[in-house]
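Visitor: A structural model of the following input is requested.
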Amino acid sequence: MVGRATRGRSAEYAWLITGPLAVFTVIAFIAFWVNEPRWYEAWLPGLALFGAFVISYLGVFTLQRRTAFNIYLTEVALVLAFFYLPPPMVIVALGAASLIKQFRIAAVPTKRWFNLAKSTAGVTAALIFLAFLPDVRDSGAVAGAVLFAAVMISTLVELLALTGVMAVAMNLRTAQDALRTGLPMFAIAAVNVAVGLVVLAALDATMWAVVPLLVLFVVLVLVRRSFTELFRQHRTLADVYELTRAVRNEGGNGLADALLGRVQVLMRAEYATIWLAPAGRHPEVLLTAQVANEALLDLSPVPIAVRERAIAEARTIAVGARFAGTEDLRPTLREAKTKDAIVVPLRSGQTTIGTLEVVNRLADGSTFRDADVQVLETIAAHAAVAVENSRLVDRLRYDAYHDRLTTLPNRRRITDALAESVKVRAEDEVVAVLLFDVDGQRDVNESMGHAAGNQLLAEVARRLRGIADPGALVGRIGGDEFVVTLRAASIDATVELATAMREQMRGPMTVEKLTLDLDTAVGVSVYPDHGSDPETLLQRAELAANAAKVLPYGVQLFHPALESRAVRRLGIAADLRQALDDGDLEVYFQPKVTLADRHLVGVECLARWQHPAHGEVAPEDFVAVAEHTGQLSRLTEVVLSEGLRRCREWADADRPLSIAINLSVRTLLDSRFPDQVAEMLTRYGVAAAQVTFEISEPGMLNDIERVLPTLYRLRDLGVRLSVDDFGTGASSLSYLRQWPVHEVKIDDSFVQGMATDSGDLAIVRAVISLSREFGLTVVAEGVESELTLELLEEMGCEIGQGYLFSRPLPYERLEAWFNAQTEPESTPAGEVRRLRAVI
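Guide: This is a model prediction of the structure:
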């Protein structure tokens, strides 16, 4: 459990206990003085027992539970003081010795005065008890029992005072722990009283007994210290073993919980802190365990200067009374109100990845030693290994679920997240999958290298993260495919969101000093309408994204027809090659007419395929198959050959007509294509000016830098170049001056809507006006009504094409259309065909 816990209430609350104890002691002292006004005459035995109290404090040893308690031998001297000294002298001797002890350990003032008040109040309570009984020196056989009871009363008062101060200064839980831990002190006090009674009996027999008693005391202190040190070493080894095993078993996110509490207890420190430096996606970690706090704190009592030195020098820094070489840091510790600290770097190879720190050795008068440094360094070595292992496992787990290039969740993570989302979907919402397919990423790889392609993908990831809702999950599932999964209110809301996100994604980006227009096609699928499992939802979103590539607005919601089309495309791939070899593809021709005088000036050549099993195959389907199977150049050659052959026949029949052929950007990337065109023009004897190549504006924009050389070579051949589907891309009209084109073909979506939509009308008007300023011919495709025709005429559009004049027709039906719908007309340039009427 981690939290911003505090040390409890303010330490100043301790005065609520210290004050009453002091008042009680002072009042009792005055009463005793009044009762025995010449008490100070016993100064010699008082001085002796003052020395005994001071010596008894030197024999301290520590009992360590949840908190630390110091156990002293003061009860031995207290028994003698109760027997030999008047009450005021007892209070003065014990109080003076206690005060010396408090100043010796440099305790904080609040704690110093509380300990003094506690000790003197306990003795005062015992003296009051003795005052109500006969003089203990005249009590005979019961004197021992009376002294025993008096010492127990003193111990009880001290324990209650300690419990009280813990309750007001810390919390009730800490007070309860202090009370439970302090109960064994009565047994220790009883043993000390028994020793004191033995000493009293010996001194009562002869004062010379003090000599062997002093010798015995020194021996016992030395033996106790040796035993304590041996026991401490054994216990330390056992605790270090348990700690390292716990750290090894816990690891991961539970490392701090397993480590810090045990370090704090083992090192008998008030605080144990682990600090880990930020590394990659791992944030900085600062957690501290403190005595009497269940939670880990996100703060550290270690002055930053101490930690920085440990990191800079890559060695352990120990600051305290027993450590040389760090005296300059002691003032820093005192300013932080700490008495000692050890900071050990956590190292991975030659790199410092963090520190393990302990502060404030528990028990008054006790400080960290060199042996503690060795123990903490051993623990730190195990902790560093545990941290590195934890990060390695976390890194492997992260890599398994994230894309390394963009750091986005990968397909596995997206699939798992979708599986969870569909399980907990509410009735009034849908789980949406938005698949973004990046246009032109493959071409960037081929022309500029994979480093540029990676830069493009990273920018897409950055933009997607920036525009996605906080509750959405953004991932990359393929080379140029990104996915956003989220919950939405409805299908319509999902499509609106996809459209808005696509618009926000669009815009120029710089890749290796070149500015590219970033565009995407978005496919949308939702649960439960389009699938019940993640794989199906992703597959159908991908089908929708493929369909969106040919849409001007670039967003497509999945529908079952897309799946059947995808299956059909897969089935016709092999058949397309056979159809090209056998000449089963037909070329249809759609007339192009001048709007001013209705002259027939040319035709657009369009490929059509009647599959023996699937029936008529949509051009976008078999063209897409040709692009993906490497048959596009064959398909272009078939259409161009048929167009040139018919063009030659019409010229021989004194009906010269130009032809227009659609070109894919992929064809323009083939440096051999201009030479192929020149050879075919020569073979069929057709003038280059009779041929127009139409290139889609969106496709050309994505690869303009790469296709420009081919466009210039084609222009130099004398063929005409046309920008097809103009208005559906993201280009500026000013680009028309930079491209080597002769003609602009306005997309039919604007032409068909101009009669009813003022926005479409404004676009068409602007394109016609500016194109004429640039000296470009304007062709409007999609002319289907007389009103549209009239509007185009008024604007000055030169050529029209659409169902109002004729649908695309095979050659035989085109000849019949010529005879039925056109008539010869003589012009200064020769005879041309003119439409009789528009039907």
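Visitor: which secondary element of this protein has the worst mean pLDDT?
Guide: The helix or strand of the chain with the lowest confidence, counting by mean pLDDT, DSSP states H and E, is strand 61-64 at a mean of 50.
Visitor: if I've got this straight, Phe435 is in a helix?
Guide: In this structure residue 435 is Leu, not Phe. No: Leu435 is assigned strand when assessed by DSSP: H, G, I helix; E, B strand; the rest coil, not a helix.
Visitor: That one contacts Leu543, correct?
Guide: No: in this structure, Leu435 is not within contact of Leu543 by CB atoms under 8 Å, at 9.2 Å. Where C-beta positions appear, they are placed from N, C-alpha and C, glycine not excepted.
Visitor: for the most centrally placed residue in the chain, phi and psi?
Guide: In the chain, the residue lying closest to the centroid (CA atoms, centre = their mean) is Arg281, at 6.8 Å. Backbone dihedrals for Arg281, given as degrees, to the nearest 10, come out at phi -90, psi 0.
Visitor: Return the distance of it relative to Gly531.
Guide: 33 Å (CB to CB, to the nearest Å).
Visitor: Leu514 now?
Guide: Taking CB to CB, one finds Leu514 at 40 Å from Gly531.
Visitor: Ok, Ala318 next?
Guide: 64 Å.
Visitor: which one of the two has more residues nearby?
Guide: Using other CB atoms under 10 Å, the more surrounded residue of Ala318 and Gly531 is Ala318, with 24 against 21.
Visitor: Now for the closest residue to the more buried one other than its chain neighbours: which residues touch it?
Guide: The shortest distance from Ala318 to any non-neighbouring residue, by CB to CB, 6 or more residues apart in numbering, is to Ile342 (4.7 Å). For Ile342, the contacting residues are 267, 316-320, 357-358, 368, 372-373, 376, by CB atoms under 8 Å, 6 or more residues apart in numbering.
Visitor: Now with 6 Å, please.
Guide: 318, 358, 368, 373, 376 (CB atoms under 6 Å, 6 or more residues apart in numbering).
Visitor: Can you tell me the element the fourth one falls in?
Guide: Going back to what we said before, that points to Val373. helix 370-401 (DSSP states H and E).
Visitor: for that helix, what is the average pLDDT?
Guide: On average, the pLDDT along helix 370-401 is 84.
Visitor: now do stretch 738-749
Guide: 86.
Visitor: CA atoms only: put it into PDB for me.
Guide: Output of stretch 738-749 as PDB, limited to C-alpha atoms (Å, rounded to 0.1, in the frame of the first residue of the first chain):
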ATOM      1  CA  GLN A 738       3.700  23.800 -61.500                       C
ATOM      2  CA  TRP A 739       2.500  20.600 -63.100                       C
ATOM      3  CA  PRO A 740       3.200  20.000 -66.800                       C
ATOM      4  CA  VAL A 741      -0.500  19.400 -67.600                       C
ATOM      5  CA  HIS A 742      -2.800  20.700 -70.400                       C
ATOM      6  CA  GLU A 743      -6.200  19.900 -69.000                       C
ATOM      7  CA  VAL A 744      -8.300  19.800 -65.800                       C
ATOM      8  CA  LYS A 745     -11.100  17.300 -65.400                       C
ATOM      9  CA  ILE A 746     -13.500  18.300 -62.600                       C
ATOM     10  CA  ASP A 747     -14.700  15.400 -60.500                       C
ATOM     11  CA  ASP A 748     -18.200  14.200 -61.200                       C
ATOM     12  CA  SER A 749     -19.200  14.500 -57.500                       C
END
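Visitor: Please identify the buried residues of that stretch?
Guide: The neighbour-count check on stretch 738-749 (16 or more other CB atoms under 10 Å) flags 739, 741-749 as buried.
Visitor: Grab the two from those that are most spread out in space.
Guide: Spatial extent of the buried residues of stretch 738-749 (CB to CB) is set by the pair His742 and Ser749 at 22.9 Å.
Visitor: Can you show me the strands along the stretch 251-400 of the chain?
Guide: According to DSSP state E, counting those that start in this stretch, the stretch 251-400 of the chain carries its strands in the segments 269-276, 285-290, 317-319, 341-348, 351-361.
Visitor: now for those strands, which one comes closest to Met505?
Guide: Comparing the strands of the stretch 251-400 of the chain by CB to CB, strand 285-290 comes nearest, at 36.0 Å.
Visitor: residues making contact with the closest one?
Guide: With CB under 6 Å, 6+ apart as the criterion, strand 285-290 contacts 256, 260-261, 264, 271-276, 296-298, 300.
Visitor: Helices along the stretch 151-300 of the chain, start to end?
Guide: Listed in chain order, the helices of the stretch 151-300 of the chain (DSSP state H, counting those that start in this stretch) span residues 172-182, 184-205, 210-250, 255-266.
Visitor: What of the stretch 501-650 of the chain?
Guide: 534-548, 560-582, 619-629, 632-652.
Visitor: out of those, which comes closest to Ala461?
Guide: helix 534-548 (16.7 Å).
Visitor: which of the residues in that closest one are buried?
Guide: Taking 16+ other CB under 10 Å as the criterion, helix 534-548 shows 534, 536-548 as buried.
Visitor: what packs against that helix?
Guide: Counting contacts by 3 or more CB pairs under 6 Å, 6 or more residues apart in numbering; DSSP states H and E, helix 534-548 is packed against helix 411-423, strand 430-438, strand 520-527, strand 555-557, helix 560-582.
Visitor: ok so, going back, rebuild the helices of the stretch 501-650 of the chain as CSV, extending it with mean pLDDT.
Guide: Converted to CSV, the helices of the stretch 501-650 of the chain look like this (pLDDT from 0 to 100):
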stretch, mean pLDDT
helix 534-548, 90
helix 560-582, 76
helix 619-629, 83
helix 632-652, 92
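Visitor: so is Ala426 in a helix, a strand, or just coil?
Guide: Quick answer, by three-state DSSP: Ala426 is coil.
Visitor: Got the confidence number for Asp724?
Guide: If you check Asp724, the pLDDT there is 84.
Visitor: Count the neighbours of it for me.
Guide: So Asp724, with other CB under 10 Å, has 25 neighbours.
Visitor: which of the helices of the stretch 501-650 of the chain sits most buried?
Guide: helix 534-548 (a mean of 23; mean count of other CB atoms under 10 Å).
Visitor: That one versus strand 430-438: what angle between them?
Guide: For helix 534-548 against strand 430-438, the angle between stretch directions is 50 degrees (axes from the mean of the first three to the mean of the last three CA atoms, to 10 degrees).
Visitor: Extract the CA atoms of helix 534-548 and return them as CSV.
Guide: Listed next in CSV are the C-alpha coordinates belonging to helix 534-548 (Å, rounded to 0.1, in the frame of the first residue of the first chain):
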residue,chain,number,x,y,z
PRO,A,534,-12.0,-9.1,-32.3
GLU,A,535,-10.5,-10.7,-35.4
THR,A,536,-13.7,-10.4,-37.4
LEU,A,537,-14.1,-6.7,-36.4
LEU,A,538,-10.5,-6.0,-37.4
GLN,A,539,-10.8,-7.9,-40.7
ARG,A,540,-14.0,-6.0,-41.6
ALA,A,541,-12.6,-2.7,-40.6
GLU,A,542,-9.7,-3.4,-43.0
LEU,A,543,-12.1,-4.3,-45.8
ALA,A,544,-13.9,-1.0,-45.2
ALA,A,545,-10.6,0.9,-45.2
ASN,A,546,-9.6,-0.6,-48.6
ALA,A,547,-13.0,0.5,-50.0
ALA,A,548,-12.5,4.0,-48.5
